[in-house]
Every structure is written in C-alpha cells, then in structure tokens.
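**Student:** pasting the structure only:
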C-alpha cells in the first residue's frame, strides 16, 4: 500500500508554531483511533506531563500520545524522549501504552559501528519498558506512530 507523501516541515502552524501544528495532528489522529464511548483528554498548550493527549480505556488503564517535532533521532533526541516518558509515567500511573509520534521515518542504514536511528529507538524502547513508576506494576507497551501512517506497537 502506498501512502501520500506529507512534508511535516511545512505543516500549518497552530497556536503560532509548527510544533503546535504537529501536536494538533497527533491529537486528531488519537481521537480517530479512539473507539466511541471511550473518553479522550487533550492536554492543551501548557505543561503536558509528557503527553499531548490520553484516553482512559475500558479497563481504566491509559493510552497516551506524545509528539516530538524533530527530524532526526540522535542521542540528544533520545534523551528528550526519556525525560518525556519518565514524566508521563510518573504523572500518569495508569499509563499502559505510550505512543510516540515523529514527523519522519527512522533510518536503519546499519553503516559500520554507527548506531542507526532505528537501533537507537530499539535501545530506548528496551530501557523504557523496564521503568516502573506505578505503585502496582503495570506492563507498558511502547509504540511509534511513524510518518508513513502505520501504527507499530505491541
């Protein structure tokens, strides 16, 4: 299946920034992915506790979406993601699924000993899956909503 090419660098600004425009798209996609009758909560433009929006599932667990508006995934970006995930896990103890939305597809060039973006992502997921910030252990699923539009999770 081919997907339309979307240039997220040229996304329409929302609340004065392209970053805000990307967060808005993420929240709209999350709403479209939410079954009828399941509440979804948008966090707004202020401090978001690591999530742009989240929904409360029927089992009372939470699925949260986090947007990162950058166009490479190096160690600095991975560090930002670690901070966002830790913040979300701390502020949302019922968080069971953390969906990261990036405006690009991760490269996987595998050149020499250099870490590819895909390898860096996989390393981040393995580290984050072991984080337990809730009083009662809850398994967390980490997924990426890649730029080409297919949800990859679980």
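**Tutor:** The structure has been received and is ready for your questions. Everything numeric here is computed off the predicted structure, so don't read it as measured data.

**Student:** look up how far residue 49 lies from the residue of the chain positioned farthest from its centre.
**Tutor:** Using Cα atoms, centre = their mean, the residue of the chain lying farthest from its centre is residue 112. It sits 28.7 Å away. Distance of residue 112 to residue 49, given as Cβ to Cβ, to the nearest Å: 39 Å. In short, each C-beta sits where N, CA and C put it, glycine included.

**Student:** try residue 80
**Tutor:** According to Cβ to Cβ, residue 80 stands 15 Å off from residue 49.

**Student:** ok, the two, which is more surrounded?
**Tutor:** A direct count of neighbours by other Cβ atoms under 10 Å for residue 80 and residue 49 places residue 49 higher, at 15 against 11.

**Student:** burial of residue 87, as a residue count?
**Tutor:** Each residue near residue 87 was counted by other Cβ under 10 Å, and the total is 17.

**Student:** tell me the pLDDT at it?
**Tutor:** Note on residue 87: pLDDT of 90.

**Student:** please apply the same query to residue 131.
**Tutor:** 55.

**Student:** list the buried residues of the lengthiest helix in the chain.
**Tutor:** What stands out as the longest helix in the chain, according to DSSP state H, is helix 75-91. With burial defined by 16 or more other Cβ atoms under 10 Å, the residues of helix 75-91 counted as buried are 77, 78, 81, 84, 85, 87, 88, 89.

**Student:** so the spatially most central residue of the chain bridges to which residues?
**Tutor:** By Cα atoms, centre = their mean, the chain has its centre lying nearest to residue 100, at 1.4 Å. On the basis of DSSP bridges, residue 100 is bridged to residue 66, residue 144.

**Student:** that one and residue 80, how far apart?
**Tutor:** Distance of residue 100 to residue 80, computed by Cβ to Cβ: 11 Å.

**Student:** shared neighbours, these two?
**Tutor:** residue 68 (Cβ atoms under 8 Å, 6 or more residues apart in numbering).

**Student:** all strands of this protein, in order?
**Tutor:** 40-42, 53-56, 62-67, 95-101, 141-145 (DSSP state E).
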